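Sequence and predicted model, in that order:
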Amino acid sequence: MARPGALLAWIGYLPLTLAHPDLQQALEHFRTVTLAPWWAPSCAWVDTAYRTLPFPAREEPFPSDLWIERHWTLPELIAHLGTTSAVQRSRGDGLDLLSPLQESLEPLWPGQGSEALVLRWPFMGRWGTLPPAAPAA
């Protein structure tokens, strides 16, 4: 266990966001419905920004203006999605879920998928300092 007064930080990132509502909706459906059987139960902690877990530190506000940003074409996004644990598990079950996704997104994506769009994954987390040690009895 960490020493009293130590900094504790749980940091991750939320699902991707982009400024194209039709694409956002399709990708959210893919993540929450299509891939649902293959996500590990612990992935739900990310969706709640770790709020469902007891936090043992004096919590400080987490900045809301931090994110990972990429400018990707549709094939680049599909390649990234192929690295996720749920897609890997579905492949282990003999399924190709990315080809149908790519086909469904191409008509919605500018340039049929060839134009780079801004994709963002907002950072989230919880952080704070551990309380002082209790006095010895």
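Arrived safely, thanks for sending.

List the contacts of Gly125.
With contacts taken as CB atoms under 8 Å, 6 or more residues apart in numbering, Gly125 has the following neighbours: Ala9, Trp10, Ile11, Gly12, Ala49, Tyr50, Phe62. Heads up, the C-betas are built off the backbone N, CA and C, glycines and all.

Generate a ChimeraX selection restricted to the buried subset of those residues.
Only the buried entries of the contacts of Gly125 go into this ChimeraX selection, using 16 or more other CB atoms under 10 Å:
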select :10,49,50,62
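
Point out where this protein drops to low pLDDT.
1, 134-137 (pLDDT under 70).

just checking, what's the longest strand in it?
strand 117-129 (DSSP state E).

Give me the distance from that strand to the chain's centre.
Distance of strand 117-129 from the chain centroid (CA atoms, centre = their mean, to the nearest Å) equals 9 Å.

One more: stretch 57-76?
9 Å.

Just the endpoints, please. Distance across that stretch?
Stretch 57-76 has an end-to-end distance of 39 Å (criterion: CA to CA, to the nearest Å).
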